[in-house]
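Q: Got a predicted structure plus its sequence, pasted below:
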Amino acid sequence: MRYVVKCLFVFFYGCGCAIYSVPETGDIMTQDHDQKLLLDEVESFCRRHGLADSRFGALTPINDTHLVERMRSGMLRRSTMNKVRQFMARYELDHAA
């Protein structure tokens, strides 16, 4: 993932410059597409295992009952998406028998 470095001037009790990086436009589209794919995976996972959306969110390491709702609105970080994928893979292995 490529990032563009930008400088943001912050004014509070003085003046300062904070340097931060943001993904390029193409990466935002990729993350949005990844979130939609993950949402499809999560919904089929919940159907397969008979889990409600809120129960799924509570079982994940994120422990957020509104997780699927936030996924639908597209408000997930890439690190959260990775944790959800890891959880689903581990859950499948544990409940395969």
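A: Done, it's in.

Q: Could you measure from the nearest residue in space to A52 that is not next to it in sequence over to Q31?
A: Leaving aside its sequence neighbours, A52 sits nearest to C46 (Cβ to Cβ, 6 or more residues apart in numbering; 7.1 Å). Where you see a C-beta, it was placed from the backbone N, CA and C, and this is true even at glycine. Noted for C46: a distance of 22 Å to Q31, by Cβ to Cβ, to the nearest Å.

Q: Please enumerate the helices of this protein.
A: In the chain, the segments counted as helices under DSSP state H are 25-49, 53-59, 67-72, 78-94.

Q: For L67, give me the pLDDT.
A: Note on L67: pLDDT of 94.

Q: wait, what's in contact with it?
A: D53, F56, G57, T60, V84 (Cβ atoms under 8 Å, 6 or more residues apart in numbering).

Q: Assess the claim that the last one and T60 are in contact.
A: Yes - counting by Cβ atoms under 8 Å, V84 touches T60, with 5.9 Å between them.

Q: For E92, give its distance to F45.
A: Look at E92 and F45: by Cβ to Cβ, they are 8 Å apart.

Q: Neighbour count: these two, which is higher?
A: F45 (17 against 12; other Cβ atoms under 10 Å).
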